[in-house]
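Engineer: for reference, the sequence and a predicted model appear below.
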Amino acid sequence: MTVEEQGSVPARPDASRWPLRETPSRLSAVLWSGGLALICVLVEVFLIPLRVFSVPAPVSVLAAVVVTPLLVRWTYRETGSLLMAGVPVVVWVVVAIPMSMERPEGDVAIPATASGMAFLVLGMLSAVLSWAAVWASNTGGSSWKGR
């Protein structure tokens, strides 16, 4: 006689009781989101001077405002940890801010133009606000433990 014939289905163990069961998938999600954030911010930085018929095209600003919040939400969905959801934000800031500073040779990757400043301000604002939105949407348990 099978379980279905008996009319009862055994209960699945509660995933919150086994936090280490998903550690490899959580770690890989954090590494993926950090790597994707790194690649995205580098591509976005080098798209800042993009022009279409001598008119600045703010593709990098749009990408920064859209991609980083998506990475934050995806990381939270995959890891369940608010702390780990901040990894794309930290990567974005750690890469973008130094690229806006002048190097000893005199070159700078993020110029002090309207599109460069919009990239820094709006990109950082959208990243931090998306992390805050994920943080605010969490209503149960301790914020630092995860799922």
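Structural biologist: Sure, I can see it.
Engineer: got a list of what Ala63 touches?
Structural biologist: 40, 43-44, 47 (CB atoms under 8 Å, 6 or more residues apart in numbering). Any C-beta I mention is one placed from the backbone N, CA and C, and that applies to glycine too.
Engineer: okay if I get those residues as CSV plus neighbour count, pLDDT and distance to Ala118?
Structural biologist: CSV is the format used below for the contacts of Ala63 (neighbours: other CB atoms under 10 Å; pLDDT from 0 to 100; distance: CB to CB, whole Å):
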residue, neighbour count, pLDDT, distance to Ala118
Cys40, 21, 92, 17
Val43, 13, 93, 17
Glu44, 24, 91, 12
Leu47, 18, 88, 13
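Engineer: closest to Met124 among those residues?
Structural biologist: Glu44 (12.0 Å; CB to CB).
Engineer: can I assume the closest one sits in a helix?
Structural biologist: Yes - the assignment for Glu44 (DSSP: H, G, I helix; E, B strand; the rest coil) places it in a helix.
Engineer: output the below-cut-off pLDDT ranges for this structure.
Structural biologist: 1-24, 139-147 (pLDDT under 70).
Engineer: distance to Trp32 for the contacts of Ala63 - can I get that in TSV?
Structural biologist: Supplementary listing: the contacts of Ala63 in TSV, determined by distance: CB to CB, whole Å:
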residue	distance to Trp32
Cys40	12
Val43	16
Glu44	18
Leu47	22
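Engineer: of those residues, which is the nearest to Val89?
Structural biologist: Cys40 (12.2 Å).
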